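Participant: Could you work out the structure for the sequence below:
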Amino acid sequence: MNGIIFANKGEAVVGKTKQVLKIVIFVAIAGLLAGGSWYTVKEEEQAVVCTLGKPRAVTEPGLHFKVPLIQSVQKVNTTIQGMSIGYQSEEAEEQAMMITGDYNFLHVDFYAEYRISDPVKAVYASQDPVLILKNIAQNCIRTTIGSYSVDSVLTTGKNEIQSNIKEMILDKLEGFDIGIQLVNITIQDAEPPTTEVVNAFKAVETAKQGKETALNNANKYRNEQIPGAKAEADRILQEAEAERQSRINEAEGQAARFNSMYEEYVKYPTITKQRMFYETMEEVMPDLKVIIQGTDGSATSTTINEILPIGSFDTRESDRTGSESDEDNESDGQVKE
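Facilitator: Coordinates of the predicted model:
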């Protein structure tokens, strides 16, 4: 009887132990499942939740619930990120070497900025969208650099090269449609592979800068001198115009005087000739004395001005007065120097 009692007690203890173990295992599994049912999305992230093979994006930050064993979550950084492409990156030197359109070798370092635009495609459309972007960028960079001269790559053509590379990369990314977007790509540095060539190009660049400085100084000097030159030109033109008008007026006056003299000459040829002679003598020898001998043998000393007014040809009226005076003198006697 005692053996039977001990056997029954042992079976009861074993049964209770199994029940306790089951409860512990259930609680442990429930705790694990409950702990894996929640996930947090940060401000700079988006989550991709896959439910039985169907993905969807979770864009709102905060605490979210997922069904254990049924749903899986992958988080994606959606902020702008960057990577170096070129000889300063981790690539081998021969991979970073580029050939220009005029068959020169260059080391060119680019910096590309990108962001994830579609988390679902970034996770499921490709295994590594960033690597694909890098390969596309390298291909576009080599193609574009190969169409420019070494001088353009090193100096004046950087902005145009960057713009063309960016446009080419965006076109190719649109065709791949892997949920990644290029924000910008810039040339960080570009230099020939040898020190001698580097120094030569630096010397050329220095000479170009000196040329630009000289041109700027020349343009500045020109802009400073142009107003003064224009003012001087205007002054000369005004003086020339005044001289021209003065000569025209003088010529017109001489022409009018000649016409007046000619009219008097037609009327009184002899008197007009004498008058012109007297006026000329007055101009040549203003102090000339004239002796007039009368019919009675007497002589009178006088000047030409007293005999004949010099301005007799200036107006028709004075000419007539002078002509009458000449006629009287001619009838009274002879005139000698």
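Participant: immediately after whatever helix or strand K211 lives in, which helix or strand?
Facilitator: With the criterion set as DSSP states H and E, the secondary-structure element containing K211 is helix 195-267. If you walk from helix 195-267 toward the C-terminus, the next helix or strand you reach (DSSP H and E) is helix 269-284.
Participant: Helices of the stretch 51-200 of the chain, start to end?
Facilitator: Along the stretch 51-200 of the chain, counting by DSSP state H, counting those that start in this stretch, helices occupy 93-96, 119-124, 129-145, 150-151, 158-176, 195-267.
Participant: would a markdown table of those helices with distance to F277, mean pLDDT and mean neighbour count be doable?
Facilitator: Using the backbone N, CA and C atoms, a C-beta is placed for each residue, glycine as well. Conversion of those to a markdown table gives the following (distance: least, CB to CB, whole Å; pLDDT from 0 to 100; neighbours: other CB atoms under 10 Å):
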| stretch | distance to F277 | mean pLDDT | mean neighbour count |
| --- | --- | --- | --- |
| helix 93-96 | 107 | 60 | 11 |
| helix 119-124 | 118 | 90 | 20 |
| helix 129-145 | 98 | 93 | 18 |
| helix 150-151 | 87 | 84 | 18 |
| helix 158-176 | 89 | 93 | 15 |
| helix 195-267 | 13 | 85 | 11 |
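Participant: quick one, strands of the stretch 1-150 of the chain?
Facilitator: Using DSSP state E, counting those that start in this stretch, the strands found in the stretch 1-150 of the chain span residues 38-41, 45-51, 54-58, 62-65, 71-77, 81-86, 97-99, 105-116.
Participant: so which of those comes closest to E239?
Facilitator: When these are ranked by distance to E239, counting by CB to CB, first place goes to strand 105-116 at 62.8 Å.
Participant: Against which helices or strands is that closest one packed?
Facilitator: Other helices and strands packing on strand 105-116, by 3 or more CB pairs under 8 Å, 6 or more residues apart in numbering; DSSP states H and E, are strand 81-86, helix 93-96, strand 97-99, helix 129-145, strand 180-191.
Participant: which one of these lies closest to Q19?
Facilitator: helix 129-145 (52.6 Å).
Participant: Now do that closest one against strand 71-77, angle only.
Facilitator: Counting by axes from the mean of the first three to the mean of the last three CA atoms, to 10 degrees, helix 129-145 points 40 degrees away from the direction of strand 71-77.
Participant: Measure how helix 129-145 sits relative to helix 158-176, angle-wise.
Facilitator: When the same axes, to 10 degrees is applied, the directions of helix 129-145 and helix 158-176 differ by 130 degrees.
Participant: Residues in contact with helix 129-145: which ones?
Facilitator: For helix 129-145, contacts defined as CB atoms under 8 Å, 6 or more residues apart in numbering pick out 83, 85, 95, 98-100, 106, 108, 110, 112, 114, 116, 121-122, 126, 153, 161, 164-165, 168-169, 172-173, 176, 178-180, 182, 185.
Participant: Could you tell me which residues make contact with V266?
Facilitator: V266 makes contact with no residue under the criterion CB under 8 Å, 6+ apart.
Participant: contacting residues for L154?
Facilitator: For L154, the residues meeting the contact criterion (CB under 8 Å, 6+ apart) are 106, 190-192, 201, 205.
Participant: got it, and K66?
Facilitator: K66 makes contacts with 36-39, 49, 72-73, as judged by CB under 8 Å, 6+ apart.
Participant: from these, which has minimum pLDDT?
Facilitator: For the contacts of K66, the minimum pLDDT belongs to G36; the value there is 62.
Participant: In CSV, list the contacts of L154 along with distance to M285.
Facilitator: Output for the contacts of L154, formatted as CSV (distance: CB to CB, whole Å):
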residue, distance to M285
L106, 95
A190, 93
E191, 94
P192, 93
F201, 87
E205, 83
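Participant: Could you break this protein into its assigned domains?
Facilitator: Residue ranges for each domain of the chain read 1-35, 80-193, 202-266, 268-336, as given by automatic domain parsing.
Participant: returning to what we had before: between the helices of the stretch 51-200 of the chain, which gets nearest to F65?
Facilitator: Taking CB to CB, helix 119-124 is the member of the helices of the stretch 51-200 of the chain nearest to F65, at 18.6 Å.
Participant: can you list contacts of the closest one?
Facilitator: Helix 119-124 has contacts (CB under 8 Å, 6+ apart) with 46-48, 55-57, 74, 76, 78, 116, 129, 177-180.
Participant: What subset of those is buried?
Facilitator: Neighbour counting by 16 or more other CB atoms under 10 Å classes 46-48, 57, 76, 78, 116, 129, 178-180 among these as buried.
Participant: Of all pairs in these, which one spans the longest distance?
Facilitator: Distance extremes for the buried ones among the contacts of helix 119-124: the farthest pair is A47 and I178 at 18.3 Å, using CB to CB.
Participant: Look up how far I136 lies from the closest residue to L63 other than its chain neighbours.
Facilitator: Residue nearest to L63 in three dimensions, not counting chain neighbours: T40, with 5.4 Å by CB to CB, 6 or more residues apart in numbering. Distance of T40 to I136, computed by CB to CB, to the nearest Å: 33 Å.
Participant: can you check L154 too?
Facilitator: Plainly put, L154 is 24 Å away from I136 if you go by CB to CB.
Participant: Next: R257.
Facilitator: 96 Å.
Participant: In contact with Y39, which residues?
Facilitator: Counting by CB under 8 Å, 6+ apart, Y39 makes contact with 47, 63-64, 66, 73, 75.
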